[in-house]
Structures are given as C-alpha cells and as structure tokens.
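A.B. asks: Below are the sequence and a predicted model; questions follow.
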Amino acid sequence: MNMKILFISFMLFLSQHSYSEVEKISAIYANKYIGEVKVVCGKVKGTYLNRKSRGDPVYLNFQKDYPLAPFTAIIWTEYTGDEFGAKPEKRFLNKKICIKGLIEEYNGKPQIVLRYANQIVD
C-alpha cells in the first residue's frame with residue numbers, strides 16, 4: 001500500500017513539475033494542440049455561469065464570445081468551491097489570462113477544464 005501512495009505522489013509531482021516547462025500558445029491556435037498540455041493565453045471576451053447544468057460550470061470564452069470563441073476554459077464550480085474566488089464569471093471577464101492544462105475537444109472546439117487556481121499562470 002505504501003508503494004502505491006509513493007508512486008501516486010511521485011506521478012503528481014512529475015505532472016506539476018512538467019507544467020512549468022510547457023509551451024505558451026495563443027487561444028486562436030489551441031485547436032492545433034488537442035491532446036497536448038499547453039499554456040493557452042488570450043483575452044476572456046465572454047463568460048457564462050450555467051446554473052441549469054450539473055456542476056454549475058463557468059465558461060470562459062477566449063478572444064470572442066460564444067459561439068464564435070476559438071477556445072473555452074471551464075470551471076466546474078460545484079466541485080472546485082471557492083478555489084477560483086468569488087464570481088469567476090465576473091472576475092475574469094475582459095482580462096488577459098494564461099491557463100495551463102490538457103487541451104481537450106468538445107463538440108469540435110478546444111477546451112481546458114480548470115480544476116485548480118494554479119492552472120491560471122502569468
């Protein structure tokens with residue numbers, strides 16, 4: 001059992017440590033990096049808190065508002081609690097930010113799911 005905990009801790013350390021070396025890209029190019037870990041940068045032009053959806057997701061739409069946004073970051077507020085502070089849908093609107101994580105595809109669009117506040121980097 002101790003070996004299992006040690007292995008998991010080591011893997012978590014490596015995953016966090018490797019983020020510091022990740023290439024920065026513009027949000028408009030995120031679609032070219034599906035399945036890769038990158039730091040995606042851009043201006044949040046639109047946000048939406050969907051209280052009707054399970055998990056109370058906050059959508060941060062980069063460069064343009066939905067549905068024209070080339071990239072979206074999602075914060076599942078029900079699961080992250082106050083990890084991102086109060087009202088992230090207002091706090092990040094019209095701000096230039098960079099986020100790090102695995103770029104996934106959903107309905108043909110690139111996205112990163114934000115689980116921790118430290119995924120938002122300078």
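C.D. replies: Great, that's in hand. Numbers count the residues shown, from 1 in each chain.

A.B. asks: Give the residue spans of this protein that score low on pLDDT.
C.D. replies: Within the chain, the ranges that satisfy pLDDT under 70 run 1-20.

A.B. asks: Please enumerate the strands of it.
C.D. replies: Assigned by DSSP state E, the chain shows strands spanning 24-26, 37-49, 57-62, 71-76, 96-102, 104-106, 109-114, 120-121.

A.B. asks: and the third one, which strands flank it?
C.D. replies: Same thing as strand 57-62. Strand 57-62 pairs in its sheet with strand 37-49 (antiparallel), strand 71-76 (antiparallel), by DSSP bridges.

A.B. asks: residues in contact with that strand?
C.D. replies: By CB atoms under 8 Å, 6 or more residues apart in numbering, the residues outside strand 57-62 that reach it are 27, 40, 42-50, 66, 69-77, 84, 88-89, 92, 97. Any C-beta I mention is one placed from the backbone N, CA and C, and that applies to glycine too.

A.B. asks: got the angle between it and strand 109-114?
C.D. replies: Counting by axes from the mean of the first three to the mean of the last three CA atoms, to 10 degrees, strand 57-62 lies at 120 degrees to strand 109-114.

A.B. asks: can you pull the buried residues of stretch 114-122?
C.D. replies: Going by neighbour count (16 or more other CB atoms under 10 Å), the buried part of stretch 114-122 is Leu114, Gln119, Ile120.

A.B. asks: what would those look like in TSV with distance to Pro57?
C.D. replies: TSV is the format used below for the buried residues of stretch 114-122 (distance: CB to CB, whole Å):
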residue	distance to Pro57
Leu114	10
Gln119	15
Ile120	16
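
A.B. asks: hmm, which of the contacts of strand 57-62 are the buried ones?
C.D. replies: Buried residues within the contacts of strand 57-62, defined by neighbour count using 16+ other CB under 10 Å: 27, 40, 42, 44-47, 49, 69-77, 84, 88-89, 92, 97.
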